[in-house]
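**Q** this is a predicted model, with the sequence first.
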Amino acid sequence: MELLFRVSFCLLTFLGKTFADVILTTEGSNVWLNCSLPGKDLTHQVFDWKKDAQQEVFLYADGKHYNNKEKTGQDENFKDRVEFFEDKLQSGNASILIKSTKVTDSGNYSCGFPVPPVQSHTLIVGVLAKPSVTTINQNDDWAQLWCKVPGASPKPSVEWKDHSGKRLLDKVVASHENFILETIVNKTGNYTCIATQKELHHKSIESTYIHFAGSKNRAEGRKAIKFFLLLLLVVVDLLP
């Protein structure tokens, strides 16, 4: 599912002729970067989109641009992934669309004209957390559970909870690209791993059911022994 948030409360600057805002999106989505000069016909003008002031994203100059191959110099990372809106140029719209975003697209984008203003955006491309739960070891008394969250960005907060919602004691086993959180449980029930990325307003959960058959059998065995002993006492009392 495509996810895109333009964070209006994160308006960064209004310094002279520079505007900036922050855009959060997820890997694989399409994202709009807005730029406009209202009331200005840009058909025969020049505007240049750059990333981090160095990478050429999209250049338009009087009808010539990267997409029609009449301009060269576009960064390889953006080839065939950037669209503009030729039919909107007359109304001053120099916005672009970046398709199939990658984590490496994260950075600061600027839309520049020969004469200011310069309009800029900070783009953050994230990878949604997708936890998976594995039972590493289990015996009659306890089970060792791992929650793996590979490649998520921004880094999520991860926690284990039992069926009642109580947070469990846990231990980080691996904290690099393949994050692993471990917990030890000793009761039959559902156990859930929760990965939360507040920046992306994203929460993902994965659950597993653990059953301790041995513990139940021992408990039933003890009950059976107690019943047998009680029955034996009754029989002895009835003997002449």
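**A** Nice, I can see it.

**Q** helices and strands of this structure: which one bottoms out on pLDDT?
**A** When each helix and strand of the chain is scored by mean pLDDT, DSSP states H and E, strand 14-15 comes last, with a mean of 28.

**Q** and the helices in the protein?
**A** Assigned by DSSP state H, the helices in the chain fall at 213-238.

**Q** buried sites along stretch 140-159?
**A** Applying a neighbour-count criterion of 16 or more other CB atoms under 10 Å, one finds A143, L145, W146, C147, K148, V149, A152, S153, P156, V158, E159 buried in stretch 140-159. (Each C-beta comes from the backbone N, C-alpha and C, glycine too.)

**Q** so which of those residues is the closest to Q54?
**A** Among the buried residues of stretch 140-159, S153 lies closest to Q54 (CB to CB), at 22.2 Å.

**Q** for the closest one, give the beta-bridge partners.
**A** For S153, the beta-bridge partners are V127 (DSSP bridges).

**Q** contacts only, for it.
**A** Listed by CB atoms under 8 Å, 6 or more residues apart in numbering, the contact partners of S153 are V103, G126, V127.

**Q** got it, and Y209?
**A** Each residue near Y209 by CB under 8 Å, 6+ apart is listed here: G189, N190, Y191.

**Q** quick one on the thing from earlier: can you redo the buried residues of stretch 140-159 as CSV with pLDDT and distance to K203?
**A** Formatted as CSV, the entries for these read as follows, by pLDDT from 0 to 100; distance: CB to CB, whole Å:
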residue, pLDDT, distance to K203
A143, 95, 25
L145, 97, 19
W146, 97, 20
C147, 97, 14
K148, 97, 17
V149, 96, 12
A152, 92, 12
S153, 89, 16
P156, 94, 9
V158, 97, 11
E159, 97, 11
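
**Q** of all these, which comes closest to G107?
**A** Out of the buried residues of stretch 140-159, the one with the shortest distance to G107 is S153. That distance is 13.7 Å, counting by CB to CB.

**Q** could you dump stretch 37-48 to PDB, C-alpha only?
**A** The C-alpha coordinates for stretch 37-48 follow below in PDB (Å, rounded to 0.1, in the frame of the first residue of the first chain):
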ATOM      1  CA  LEU A  37       5.600  30.400  -9.900                       C
ATOM      2  CA  PRO A  38       1.900  31.300 -10.000                       C
ATOM      3  CA  GLY A  39       1.000  33.500 -12.900                       C
ATOM      4  CA  LYS A  40       4.300  32.800 -14.700                       C
ATOM      5  CA  ASP A  41       4.400  30.900 -18.000                       C
ATOM      6  CA  LEU A  42       7.300  28.500 -17.800                       C
ATOM      7  CA  THR A  43       7.000  27.100 -21.300                       C
ATOM      8  CA  HIS A  44      10.100  29.000 -22.500                       C
ATOM      9  CA  GLN A  45      11.800  29.300 -19.100                       C
ATOM     10  CA  VAL A  46      14.400  27.200 -17.300                       C
ATOM     11  CA  PHE A  47      14.000  25.300 -14.000                       C
ATOM     12  CA  ASP A  48      16.400  22.800 -12.500                       C
END
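
**Q** what about that stretch, average pLDDT?
**A** Stretch 37-48 shows an average pLDDT of 92 in the prediction.

**Q** mind giving me JSON lines with the buried residues of stretch 140-159 and columns for distance to S95?
**A** Formatted as JSON lines, those follow (distance: CB to CB, whole Å):
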{"residue": "A143", "distance to S95": "53"}
{"residue": "L145", "distance to S95": "48"}
{"residue": "W146", "distance to S95": "45"}
{"residue": "C147", "distance to S95": "41"}
{"residue": "K148", "distance to S95": "39"}
{"residue": "V149", "distance to S95": "35"}
{"residue": "A152", "distance to S95": "30"}
{"residue": "S153", "distance to S95": "26"}
{"residue": "P156", "distance to S95": "31"}
{"residue": "V158", "distance to S95": "37"}
{"residue": "E159", "distance to S95": "40"}
